[in-house]
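Student: got a sequence here, can you model it:
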Amino acid sequence: MFTNRITARLALVTVLCVAVTSVCAGTIALGSLKDLSIDKTAISLSGLSSGAFMAHQFHVIHSGHVMGVGIIAGGPYGCAEGRYFWSRFDATGLYAATSVCSNTNPYWFFQGPPDVDVSIEATHTRASAGDIDDPAHMRNDRVWLFSGANDDIVPTSVMDIVADYYAGFIDKATIVYEKNDDANHAMITEAFGNACDAYQPHYINDCDFDAARRIFRRIYGKLDPKATSETLQPVITFDQTEFFDTSDRRISMNRLGHIYIPRACAEGTTCRLHVAFHGCKQFQEIAGDLFYTRSAYNEWAETNRIVVLYPQTNAWADNPYFQYQQNPNGCWDWWGYSGEDYASKSGKQIRAVAGMINTLVGSPLLDTPTP
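Tutor: The predicted model follows:
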């Protein structure tokens, strides 16, 4: 009965799909996929740039139910909350975020790396208050980190602090940290995108290096060979608005999200769940379908029973005088534009993505408290 329901539903969706792009033109409610069988012990995350900050942040917040994470060019938990010497002279409140945790302030020079103790202290403080899970849950989690030597946006020294952060909670020997002499600030693929050392839209670079494979292998172990593009299922578009208040622009989330469901998962096989967070300027209105169709996640997911969820942000910039307080580049919130509780279970974006996960697993697995 299960197989008939979910397969029939996806068959109907497939009729609405555009064959050229392998993306569905129709939009569904995520709850219509409630018959999927998701292994609740095999939920993982990854991301690039702001998506890497978010993947790490989400991992720390919900470590009790996340078993692994892949981070490409991100920074440590609570990084933007650090107070440094020059912070006292910064009226915007963005000194740490743009000059210490990243190199994105056009009027200043990089002052990092950040202090790992700021992140570790923030973790213990919020865990003690019940705002995030006990970090002891991370003890056996699987972590994969990546940094490119040509990345001036999130320099390697910042990623080194992410490695130091995790070493404070899990065995350092279990952390896989790969560095590439050529790579710039981008999603790294084996055979698609810009030149490896380029920094340009849409931030997917061909480095003869399959980051999606490395992430999945680190988290889930041995993999079967990836699928060919001809054998992939269509990416399904779903309505994200049921997971957040659409009247609140500060959440800066898109009306639409996407999900890839391998054929075996649609036919009733129990599958793992991976959440892939795009980077700044990679949401669909700017980058189209490139992040969720050309990053190689789907090829590996198809043959290895991994459902891939692709939540989407949107730009928020309705006041030209206060854009520094908003989100004009459609980044995930790792510095607080959506609210002071952005790095806790009650954070708006955290609750939205947790709600999506809960819908897919069919139970309130992750806490989603209101502020």
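
Student: can we go C-alpha only for contacts and neighbour counts from here?
Tutor: Will do.

Student: what's the neighbour count on residue 286?
Tutor: The local packing of residue 286 (other C-alpha atoms under 10 Å) involves 16 other residues.

Student: let me fix that: residue 90
Tutor: Neighbours around residue 90, by other C-alpha under 10 Å: 10.

Student: and it, what are its phi and psi?
Tutor: Here is the backbone geometry of residue 90 (degrees, to the nearest 10): phi -100, psi 110.

Student: any idea of the pLDDT on it?
Tutor: Residue 90 is assigned 82 on the pLDDT scale.

Student: what about it, distance to residue 107?
Tutor: 12 Å (C-alpha to C-alpha, to the nearest Å).

Student: check residue 366 too.
Tutor: Distance, residue 366 to residue 107, by C-alpha to C-alpha: 40 Å.

Student: who has more neighbours out of the two?
Tutor: Set side by side, residue 366 and residue 107 give different neighbour counts by other C-alpha under 10 Å, the larger being at residue 366 (20 against 6).

Student: which non-adjacent residue is nearest the more buried one?
Tutor: residue 354 (6.0 Å; C-alpha to C-alpha, 6 or more residues apart in numbering).

Student: what strand or helix carries that neighbour?
Tutor: Taking DSSP states H and E as the definition, residue 354 sits inside helix 348-361.

Student: and that helix, what other elements does it pack with?
Tutor: The contact analysis (3 or more C-alpha pairs under 8 Å, 6 or more residues apart in numbering; DSSP states H and E) places helix 348-361 against strand 38-48.

Student: residue contacts, residue 314?
Tutor: By C-alpha atoms under 8 Å, 6 or more residues apart in numbering, the contact set of residue 314 is 252, 253, 254, 283, 285, 329, 330, 331.

Student: cool, residue 313 as well?
Tutor: 252, 253, 254, 283, 330, 331, 332.

Student: where in the stretch 101-250 of the chain is pLDDT low?
Tutor: Along the stretch 101-250 of the chain, no part satisfies pLDDT under 70.

Student: ok, back up a step: between the contacts of residue 314, which is closest to residue 123?
Tutor: Nearest to residue 123 among the contacts of residue 314 is residue 331, at 22.3 Å by C-alpha to C-alpha.

Student: secondary structure element for that closest one?
Tutor: Short version, using DSSP H and E: residue 331 is in no helix or strand.

Student: what about the residue nearest to it when sequence neighbours are not counted, which SS state?
Tutor: The shortest distance from residue 331 to any non-neighbouring residue, by C-alpha to C-alpha, 6+ apart, is to residue 280 (4.3 Å). Assigned by DSSP: H, G, I helix; E, B strand; the rest coil, the conformation of residue 280 is coil.

Student: number of residues surrounding residue 221?
Tutor: The number of residues packed near residue 221 is 11, by other C-alpha under 10 Å.

Student: no no, residue 120
Tutor: Residue 120, neighbours per other C-alpha under 10 Å, totals 20.

Student: any idea how far it lies from residue 168?
Tutor: 8 Å.

Student: check residue 185 too.
Tutor: 26 Å.

Student: so the two - more neighbours on which side?
Tutor: Neighbour count, other C-alpha under 10 Å: between residue 185 and residue 168, residue 185 has more, with 27 against 15.

Student: so which residues of the stretch 251-371 of the chain form strands?
Tutor: Ranges of strands in the stretch 251-371 of the chain, per DSSP state E, counting those that start in this stretch, are 256-260, 271-277, 306-310.

Student: can you tell which of the ones you listed is closest to residue 96?
Tutor: strand 271-277 (22.3 Å).

Student: parallel or antiparallel, list what pairs with the closest one.
Tutor: strand 38-48 (parallel), strand 306-310 (parallel) (DSSP bridges).

Student: alpha carbons only: can I get the helix or strand just after the longest one in CSV?
Tutor: Taking DSSP H and E as the definition, the helix or strand that follows strand 38-48 towards the C-terminus is helix 50-61. In CSV, the C-alpha atoms belonging to helix 50-61 read as follows (Å, rounded to 0.1, in the frame of the first residue of the first chain):
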residue,chain,number,x,y,z
SER,A,50,26.6,31.0,4.9
GLY,A,51,25.2,27.5,4.4
ALA,A,52,28.3,26.1,6.0
PHE,A,53,27.8,28.4,9.0
MET,A,54,24.2,27.3,9.1
ALA,A,55,24.9,23.6,8.8
HIS,A,56,27.4,23.8,11.7
GLN,A,57,25.0,26.0,13.7
PHE,A,58,22.1,23.6,13.1
HIS,A,59,24.4,20.6,14.1
VAL,A,60,25.3,22.2,17.4
ILE,A,61,21.7,23.2,18.2
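
Student: that concludes my questions; thank you for your assistance.
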